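> Sequence first, predicted coordinates after that:
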Amino acid sequence: MVRSRIIEESLRRKIVLSGVPAHKTVVFGQIWRRVSAAARSAVRSVDRAIGTATRPTKGVVGGFLLDLTRTRRELLAESALLRQQLIIAQRHVKRPTIRRHERALMVVLAALTRGWLSALLIVKPETILRWHRAGFRLVWRRRSRAPARPPRIGADTIGLIRRMALDNRLWGAERVRGELLKLGIRVSKRTVQKYMRRARGPRPWGQSWATFLKSHAGEIWACDFLQTYDVFFRPIFAFFTVALGSRQVVQVAVTRTPTSAWTAQQLREATPFGHGPRFIIRDNDDKYSPDFDRVVKASGIRVLRTPVRAPRANAVCERFLGSVRRECLDHTMILGERHLLATLREYAAYFNTGRPHQGLGQGVPGGTAPRPAGRPPASVVATPVLNGLHHDYRLAA
């Protein structure tokens, strides 16, 4: 518009200088403006026609005719892009997750496809551009990274730092550095922090529950109730006490009316002559009354109550109760209280002396470590447990 006005003004000056009348100059300017507007409209129409012809159409015939003008590489790239989106859409979830290698593949295929904007069906074009920028930053971050240098300290020192970090969860870098100086090993605090960070995560502000259980597992017992039903659908309660360090079942008792006095008596029988743990874990059930707490304090034991709706706080005992259900009670029809007690005692004896445990590296809670490999097994004797529900395999004498 500005350019046409400049041209019109220059023509008007030339006409005036040449002696053409003023009214003819106005008519000539109007004609020029109309011609300019028609030319601009024609150019816009041609641009729209070219864009429509080069854009992939949704119709079958139009798309086929357009594909005839495209190269084989472009057709293969667009087909691969559509196929990859179809694979993602067939995962039968409301919002499928696109993995990293799939994002990189879609970015490469979009770069090879001329009409990639119309070939996108499950993501927006802005998403493809964002993935491309993220890949660009990742590549150049990797290229600009300084080359790795060999450690200046020996492998023995690195292993010792990691060992100290794992064995002493409450120690910081300066504390570990002090222990190393005691041994005549001089390293900087930053070096200790580097290898401690690789051996364990950042140290929490306080001692976690998992760290407490791992540090004091040999001095902790856990107790809990398990409810089941007899053949006449009457409830029966079983009481278990498990040692966390060895995974041994310390006490098994059965009753139909689990009162607070009965629960306290079971703890007395489990800790004769004052021999007991330092801590005992229990939940907030009403079966644990002040009588139970008095017996605990008289035995020199400290009670640790689990939070509400936190089964992981008593994970070892909960796992044992699950094993009792899956491996014993789900396959046994309980006739009564005595039958349940005999069944649970037989299973507890098998659990303590014959059943491998994953928490002990497939070792037996009350037995020996796994037999070393490489030795040929002698004759094996199988002892049935719970009328053949399980078998305890031992080497013949």
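Cool, the structure landed. Given the structure is predicted, the values throughout are model-derived calculations rather than measurements.
> Tell me the secondary structure of Gly184, please.
At Gly184 the chain is in coil, as set by DSSP: H, G, I helix; E, B strand; the rest coil.
> Would you list the phi and psi of it?
phi 80, psi 20 (degrees, to the nearest 10).
> Kindly report the same for Ile220.
Taking degrees, to the nearest 10 as the convention, Ile220 sits at phi -120, psi 130.
> Over to the one 10 residues further on?
Geometry field for Asp230 lists phi and psi as phi -90, psi -170, criterion degrees, to the nearest 10.
> buried residues in whichever helix or strand Arg130 is part of?
Using DSSP states H and E, the element containing Arg130 is helix 125-143. Buried residues in helix 125-143, counted by 16 or more other C-beta atoms under 10 Å: Ile128, Trp131, His132. (Glycine included, C-beta is placed from N, CA and C.)
> in the sheet, who's paired with the closest residue to Trp262 other than its chain neighbours?
Leaving aside its sequence neighbours, Trp262 sits nearest to Thr255 (C-beta to C-beta, 6 or more residues apart in numbering; 5.8 Å). On the basis of DSSP bridges, Thr255 is bridged to Phe237.
> list the contacts for Thr255?
Ile236, Phe237, Phe239, Trp262, Glu337 (C-beta atoms under 8 Å, 6 or more residues apart in numbering).
> List the contacts of Val316.
Contacts of Val316 by C-beta under 8 Å, 6+ apart are Ala222, Val242, Leu244, Arg247, Gly359.
> Kindly provide the distance from Phe233 to Gly178.
65 Å (C-beta to C-beta, to the nearest Å).
> actually Arg95, sorry about that
The value you get for Arg95 to Gly178, if C-beta to C-beta is used, is 52 Å.
> ok, those two, which is more surrounded?
When Arg95 and Gly178 are compared on other C-beta atoms under 10 Å, the one with more neighbours turns out to be Gly178, at 12 against 7.
> Let me know the pLDDT of that one.
On pLDDT, Gly178 comes in at 89.
> Phi and psi next, for it.
The phi/psi pair for Gly178 (degrees, to the nearest 10) reads phi -60, psi -40.
> Identify, from the contacts of Val316, the entry nearest to Gly154.
Gly359 (34.7 Å; C-beta to C-beta).
> That closest one and Arg247: what is the separation?
Taking C-beta to C-beta, one finds Gly359 at 6 Å from Arg247.
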